[in-house]
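[1] need the 3D shape of this:
(one chain, ligands or ions: 1)
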Amino acid sequence: IVRNHKKTDESTQNIPPGPWKLPIIGNIPYILTTAPHKRLRDLAKIYGPLMHLQLGDMTTIIVSSPEYAREIMKSHDVIFASRPHSVTSNLLSYKATGIASAPYGKYWRVIRKICTEELLSSNRVDPFQPIREEELTNLIKMIDSQIGSPINLTQVVLSSIYSIISRTAFGKKYCSEQEEFISLVKEGLTILGDLFPSTRWFQLVTGLRPKLERLHRQLDQILENIIIEHEKAKSKAREGQDEEKEDLVDILLKFQDANDNNKNIYLTKDNIKATIQEIFGAGGEPSAITIEWAMAEMVKDPRVMKKAQDEVRKVFNMKGRVDGTCINELKYLKSVVKETLRLHPPGPLLLPRKCTQACKINGYHIPIKSTVIVNAWAIGRDPNYWTEPERFYPERFIGSSINYNGNNFEYIPFGAGRRICPGSTFGLINVELTLASLLYHFDWKLPNGKKNEDLDMTEEFKCAKNDDHILYVSHYDQLLMASLLGWMVAIVADFAVIGAKFVV
Ligand code: HEM
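    Numbers count the residues shown, from 1 in each chain. The predicted structure follows:
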C-alpha cells in the first residue's frame, strides 16, 4: 500500500517535460552520439530549457538556458552544490573524495580551501611564474626545431601544460611516469561510466567495472610513488640533508597526522591520492583544449590572427620574449580567449550537480537525488543573448562587462556558484601566456597548401584523420572522474609553423 501511494505521489508531480522513455535504459540512446551537447540542445528546442531525461536508473534534468542556469547555480545553489556519486567516481576517485567529486560539505570545503590557497589563487600566480616561463621556453625551442614542417600542436601544448601543473603542484615533473600518468588520466576521462545504470550486473556485463578496476590499479601505483617520494624528501629535509620546499602534496600530507589537534580535518592517503589525481586531470586538458581551439579559430580567420599577433608583437617587442609582466595589456588576445571559451567551452556540459532536496523550479518538481546537467555550450550560443551566436568574433567582448566569475549566466565556461572552477586564474594565465608565445615567435598556416577557410571545425567524438589534419575529440564523462556527462570537445589540427619571426 505504501508503495502504491508513493508511486502516485511521484507520478502526479510536475516533473519537467522530456522525450518518451524506453524500459530500463530510458533515454540513454539519445545521448550516445558523437556530440551529446548538440543533441541535448536540439532536444531542448522541442521539450524546453528545463528537460527531464531518464538515463538508466538516473533521473536527469538538463538545463539549457541562462535563466534556469541561474536558478540552479545561484537561487538554489546550496541544494545543487553536491556531485552525484557514480561507479567511476567511486573507483577512480577513491570513493568520491577528490576536490571535484566530493559531496558538498565540510570535507569538500577544507580540500578546496587547501588547493586554492596553495596552488590556484591569484596570490600563487607570481611565485609560479618562473616555472611557467621555463616550460614555455622549452615549448618554443621544441617548436623552433620543427620550423617549416607540420606540427601536432595538441601533443606539444598538452605536454607543456601538464609539466607546469606537475611542477607547481607536485614539485617536479614525473619524467618517467608523466606520460603514462597523462595517458591513464585521459583514459579515465573518456570512460562513459556514469551513463550506465548503476546496477552491478550491468557494469560487469558491459565490461565497465573491470576496465575501471584495471585503470584504478595502474593510477594508484603512480600516485603511491608520488606520495612515497614526498615522504622521503620530507624526512631528508628533517635530517637537514635537503632544503625543504613545500608543494601541494606536502601540504596535503600534513593533514594525514590524526594526532595534530590544530587540523580540523584528517586526510587518509586515499583522500590525498584522489585530490592529486583530480587536480592533474582538471588542470591539464581544459587549458590545452582552449589553446587549440583559439589557434584553430585564428588560423581559420587570418584577420583575427593578424590583429592578435600585431598586438602581442607590439607589447613584447622591446623585451624580445613573452613574459607575465605585460600580459594584461593584451586586450585583444584576452577577447580571443573569451570568445573561444564561449563557442568551445572545453566542458560543454558542466560537471553534474546532485539535487539534495526536492524543490520547485518555475513550478516544475525536481526530485531529490536527481542529477542536473547544465549545457554551457548551448547557453553560450543562445540567440536570445548573443548576436550572430555561431560567429567567432572576439570584438564582441571589447568593452563588455561579461567576465568569468559566474555572474553572467549566458557565459559560464567555468561554471558558477559554490562549485565554480577554482582553477580559472591558474588556467587562464597558462592559456594566455602560451597563446601569446605561439603568436609572438611563429607564423602559422595549415599544412600541405590547405586553405585556411577549409579547416574542418567539426567536433568529433573519436580520432578521425583527414588527408592533412587530424580532427580529434576527447570525450569523457567526468572531468576528474566524477561526473555524469561532463566531457570535453577538442579539435586537434596539424599546423605548419612557417617561420620564426623572432628567434628564441
Ligand atoms: C581553461 C581552463 C579551464 C576551464 C574552462 C575549466 C572549467 C571547469 C568547469 C566548467 C568546471 C565545473 C564547474 C561547475 O560544476 O560549475 C570545473 C571544475 C573544476 N576545475 Fe576547472 N577549468 C579549467 C582549468 C582548471 C585548472 C587549471 C584547474 C586546476 C589546476 C582546475 C580545477 C578544477 C577543479 C578542482 C574543479 C572542481 C571544483 C569543485 O567541484 O569544487 N580547472 N572547471
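[2] nearest residue to the middle of the protein?
    Most central in the chain under C-alpha atoms, centre = their mean is P286, positioned 4.2 Å from the mean C-alpha point.
[3] give the phi and psi angles for it, as a check.
    Backbone dihedrals for P286, given as degrees, to the nearest 10, come out at phi -60, psi -40.
[4] would you check that A169 makes contact with L119?
    Yes - counting by C-beta atoms under 8 Å, A169 does reach L119; the two are 5.5 Å apart. C-beta here means a position set from N, CA and C on the backbone, and glycine is covered the same way.
[5] neighbour count winner among the two?
    A direct count of neighbours by other C-beta atoms under 10 Å for A169 and L119 places A169 higher, at 23 against 20.
[6] rewinding a little: identify the contacts common to A169 and L119.
    Shared contacts of A169 and L119 (C-beta atoms under 8 Å, 6 or more residues apart in numbering): 248, 279.
[7] who touches E297 in this structure?
    By C-beta under 8 Å, 6+ apart, E297 lies in contact with 304, 336, 339-340, 343, 392, 457.
[8] can you confirm I99 is in a helix?
    No - going by DSSP: H, G, I helix; E, B strand; the rest coil, the assignment for I99 is coil, not a helix.
[9] run through the helices of the stretch 201-350 of the chain in chain order.
    208-238, 248-254, 269-300, 302-316, 331-343 (DSSP state H, counting those that start in this stretch).
[10] deepest of those, which one?
    helix 269-300 (a mean of 25; mean count of other C-beta atoms under 10 Å).
[11] what's the average pLDDT for that helix?
    Taken as a whole, helix 269-300 has an average pLDDT of 90.
[12] would you mind getting the angle between it and helix 331-343?
    Angle of helix 269-300 versus helix 331-343, following axes from the mean of the first three to the mean of the last three C-alpha atoms, to 10 degrees, is 110 degrees.
[13] which bits of the protein sit near the ligand?
    Residues of the chain found near the ligand (C-beta under 6 Å from any ligand atom) are 99-100, 112, 120, 165, 278-279, 282-283, 286-287, 290, 346-347, 350-351, 413-416, 419-423, 426-427, 431, 479.
[14] swap the cut-off to 5 Å and go again
    Contact residues (C-beta under 5 Å from any ligand atom) of the chain with the ligand: 99-100, 282-283, 286-287, 290, 346-347, 350-351, 413-415, 419, 421, 423, 426-427.
[15] ramachandran coordinates for the residue nearest to F255 when sequence neighbours are not counted?
    Excluding the flanking residues, the one nearest F255 by C-beta to C-beta, 6 or more residues apart in numbering is L267, at 4.1 Å. Backbone geometry at L267, expressed as degrees, to the nearest 10, gives phi -110, psi 140.
[16] isn't L267 up against Q256?
    Yes - the pair formed by L267 and Q256 meets the contact definition of C-beta under 8 Å, at 5.6 Å.
[17] list of residues touching the helix or strand encompassing Y107?
    Assessed by DSSP states H and E, Y107 sits inside helix 106-115. The contact list for helix 106-115 (C-beta under 8 Å, 6+ apart) reads 97-99, 102, 248, 251-252, 255, 264-265, 267, 271, 275, 279, 422.
[18] which pair in those spans the largest distance?
    Farthest-apart pair in the contacts of helix 106-115 is N264 and I279; separation 21.3 Å (C-beta to C-beta).
[19] return the nearest residue of the stretch 1-150 of the chain with respect to the ligand.
    Here the stretch 1-150 of the chain gets closest to the ligand at one residue, A100, 3.4 Å apart by C-beta to the nearest ligand atom.
[20] I'd say that residue and R353 touch.
    No - taking contacts as C-beta under 8 Å, A100 lies outside contact range of R353: 11.8 Å.
[21] what's the overlap in contacts for those two?
    Common neighbours of A100 and R353, using C-beta under 8 Å, 6+ apart, are R83.
[22] residues in contact with L435?
    Counted by C-beta under 8 Å, 6+ apart, L435 has contacts 291, 294-295, 308, 333, 336-337.
[23] okay, those in TSV with distance to G56 next?
    What follows is the contacts of L435, written out as TSV (distance: C-beta to C-beta, whole Å):
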residue	distance to G56
I291	36
A294	37
M295	38
A308	45
L333	44
V336	40
V337	37
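[24] least confident pick among the contacts of E297?
    Lowest pLDDT within the contacts of E297 is found at M457 (79).
[25] so that residue is in contact with V299, correct?
    No - M457 lies out of contact with V299 (C-beta under 8 Å); the separation is 10.3 Å.
[26] where does the stretch 351-500 of the chain have low pLDDT?
    Within the stretch 351-500 of the chain, the stretches with pLDDT under 70 are 459-500.
[27] helices of that one, residue ranges please.
    Per DSSP H, counting those that start in this stretch, the stretch 351-500 of the chain carries helices over the ranges 376-380, 424-441.
[28] most tightly surrounded among those helices?
    Among those, helix 376-380 has the highest mean neighbour count (mean count of other C-beta under 10 Å), at a mean of 25.
[29] and that one, what other elements does it pack with?
    Here helix 376-380 touches helix 36-47, helix 331-343, going by 3 or more C-beta pairs under 8 Å, 6 or more residues apart in numbering; DSSP states H and E.
[30] worst average pLDDT in these?
    Of all those, the minimum mean pLDDT falls on helix 36-47 (a mean of 94).
[31] just checking the distance from the helix or strand T60 falls within to the centre of its chain.
    Secondary structure from DSSP H and E places T60 in strand 58-63. For strand 58-63, the separation from the chain centroid amounts to 20 Å (computed by C-alpha atoms, centre = their mean, to the nearest Å).
[32] helices or strands next to that strand in the packing?
    Applying 3+ C-beta pairs under 8 Å, 6+ apart, we find strand 58-63 packed against helix 36-47, strand 50-55, strand 371-374.
[33] repeat the analysis, applying 6 Å as the threshold.
    strand 371-374 (3 or more C-beta pairs under 6 Å, 6 or more residues apart in numbering; DSSP states H and E).
[34] can you tell me what sits against the strand it packs on?
    Contact partners of strand 371-374, identified using C-beta atoms under 6 Å, 6 or more residues apart in numbering, comprise 58, 60-63, 69, 72, 80, 84, 349-350, 352-353, 484-485.
[35] identify the farthest-apart pair in those residues.
    Maximum pairwise distance among those (C-beta to C-beta): 20.2 Å, between M58 and A69.
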